[in-house]
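> Here is my input, please return the structure:
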Amino acid sequence: MADIKGILGNLEWQLEWLAAEPSTRFDFQCATAELGIRAHHPDPAAVVFDFLTRSLERDNEETFVYLLGGFLDRFDEKRIADPRLRGVLVTLNELLAAGEPSRTRITLPDDPEGYWPESYVDLSHVGDSRDTTSPYRSRKLFHGADLAKMSGMTSRYQNEQVRTLFSTIFDDLITRGSYRDISFASDALAKLERLGQEMGNFAAVIDYIADALSLAIRTNSPIAITPILLVGGPGVGKSRFVRRLSETLGVPHEQLNLDNLQLGSTIAGAEPIWSTSQPGIVFRALVNNAHLSPIIALDELDKAMPRHNYGDPLAPLHTLLEPESARSFADGCFPLPIDASHLIWIATANDVDRLAAPLRSRFLIFNISNPTSEERLGITHSIASRLGDEYWGLEFDSEVLPLVSEYPPRVQRQLLTAALARAARYGESTVGVEHLREVVERGNRINEQSRRGLGFASAGRQSV
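Numbering: from 1, shown residues only. Alright, predicted model coming up:
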């Protein structure tokens, strides 16, 4: 079945946009007059909804197709070059091709002044909009009327590169539309449970996220997670956990390394007065991706310090980490109000005491301990399994994994990948201890000058 809810959702935000542009209203009415369509108000949205409800009320699909086809032909001829109208025409064509249009109910926007037609057509076959099994689960990122206000801003800037950037962002927003997905991987809860077994030292974090995910799924709502701060020393797996969580939930993942962050514009953008201006990571994560809740990872939050000439680079977080103010976040480069209140923020730090108290208070803090021997071996098995999927036809001897399990996950992956390559070079399908020994010895030779041997014996473990 066609995604009629998605089509109507697209139409809804585009009509908001058109309704905010008074210059379109006269032409819109003229274009529909020949079809005998009259709106209750000189508003493009009212015209289209009146047309749809009147033609659909006839309960005659042939009549609907005839009228809609005539409407599209007439309007296409008159205003197809206008990108505002082009989006509406495309959406109406999709509605026409969706199948069974005479059974499609149109949910009208709020109508405080009584502009909209009172009638509608039944949509009972599509299912309740709060049904968690519905294939279409999304929420609006921005309003069409707000985008309409941005259309005249390009002319403000003299720099040609800035004007090009502004126009590119504007066109991209039109193409991608206003709605973003709020659903997650179908087996995300089961995957979270497995992730908890794989990374036991993150069990409390995973338990909290599982609760939030269950509530979102049960109520068909966007996920609401208090910003998370993972505190722990190097090697506990903080960065790896963020990557694995992104894969588990099936949402995009953006990472910002803060150890050398100087400008708050990296997070929230800056006015495009320079040719190098760009939107910040928040705007890019929400506009360029299809999900309302991508993960934004702030790595080494405690190392981002105020700079004498640049101010506090973390200042934008005071607004962005508060749901109320984040609902109408405006990037400095492209100040379209967007809903950034459902982002999944995960920051990492080694020393929480270095964070200012107002910023620290916005996070739910989890202290992450070093994994136990059993947990480290579980991580090793997970890395080996993923490498086996990536490099099909090769496997690890059971004696190899315990030998690398004492190392941080990043080093484990490096060692196991190098051992896979060595086995492949010899034309063998099983990675044995001898392959691991050879790559370790090579690593020791490379690091000999710095006296940082990579061999197992150097850390008091069994030599390979």
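> ok now do V433, which residues does it touch?
397, 399-400, 403, 464 (Cβ atoms under 8 Å, 6 or more residues apart in numbering). Every C-beta, even on glycine, is put in place using the N, C-alpha and C of the backbone.
> want to try CSV for those residues, with distance to P222 as columns?
Compiled in CSV, those are given as follows (distance: Cβ to Cβ, whole Å):
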residue, distance to P222
D397, 46
E399, 47
V400, 44
L403, 45
V464, 50
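> Which of those ranks first by neighbour count?
In terms of neighbour count, V400 stands highest of these at 23 neighbours, by other Cβ atoms under 10 Å.
> State the distance from that one to A419.
Distance, V400 to A419, by Cβ to Cβ, to the nearest Å: 7 Å.
> what's the answer for L213, then?
L213 is 36 Å from A419, by Cβ to Cβ.
> higher neighbour count, those two?
Set L213 next to A419 and count neighbours by other Cβ under 10 Å: A419 wins out with 26 against 19.
> tell me the SS of that one?
Judged by DSSP: H, G, I helix; E, B strand; the rest coil, the three-state class of A419 is helix.
> Quick check: the gap between the closest residue to G250 other than its chain neighbours and A340.
In space, G250 comes closest to A185 once its chain neighbours are excluded; the distance is 3.4 Å by Cβ to Cβ, 6 or more residues apart in numbering. The gap separating A185 from A340 is 22 Å, by Cβ to Cβ.
> More neighbours: these two, which one.
Using other Cβ under 10 Å as the criterion, A185 and A340 rank with A340 on top: 26 against 15.
> Okay, buried residues for stretch 214-233 please.
Within stretch 214-233, the residues scored as buried using 16 or more other Cβ atoms under 10 Å are 216-217, 220, 222-223, 225, 227-232.
> got these as TSV, with pLDDT and distance to L359 columns?
As requested, the buried residues of stretch 214-233 are exported to TSV (pLDDT from 0 to 100; distance: Cβ to Cβ, whole Å):
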residue	pLDDT	distance to L359
A216	93	26
I217	90	31
N220	85	33
P222	93	24
I223	95	22
I225	96	17
P227	97	10
I228	97	14
L229	97	10
L230	96	15
V231	94	14
G232	89	18
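> and those residues, which of them are in helices?
216-217 (DSSP state H).
> Would you check which pair of the buried residues of stretch 214-233 lies furthest apart?
Spatial extent of these (Cβ to Cβ) is set by the pair N220 and G232 at 34.9 Å.
> picking that back up, which stretch of helix or strand covers the residue nearest to G250?
Using DSSP states H and E, A185 sits in no helix or strand.
> Does it touch T248 like I think?
Yes. Judged on Cβ atoms under 8 Å, A185 makes contact with T248 at a distance of 7.1 Å.
> residue ranges with poor pLDDT in the stretch 301-450 of the chain?
Where the stretch 301-450 of the chain drops to pLDDT under 70, the residues are 306-311, 449-450.
> same deal with the stretch 1-150 of the chain?
For the stretch 1-150 of the chain, the stretches with pLDDT under 70 are 1-12, 14-136.
> one more time with 80, if that's ok
Along the stretch 1-150 of the chain, segments meeting pLDDT under 80 span 1-137, 145, 148.
> show me where the stretch 251-400 of the chain has helices.
265-268, 281-287, 317-320, 323-326, 357-360, 373-390, 400-404 (DSSP state H, counting those that start in this stretch).
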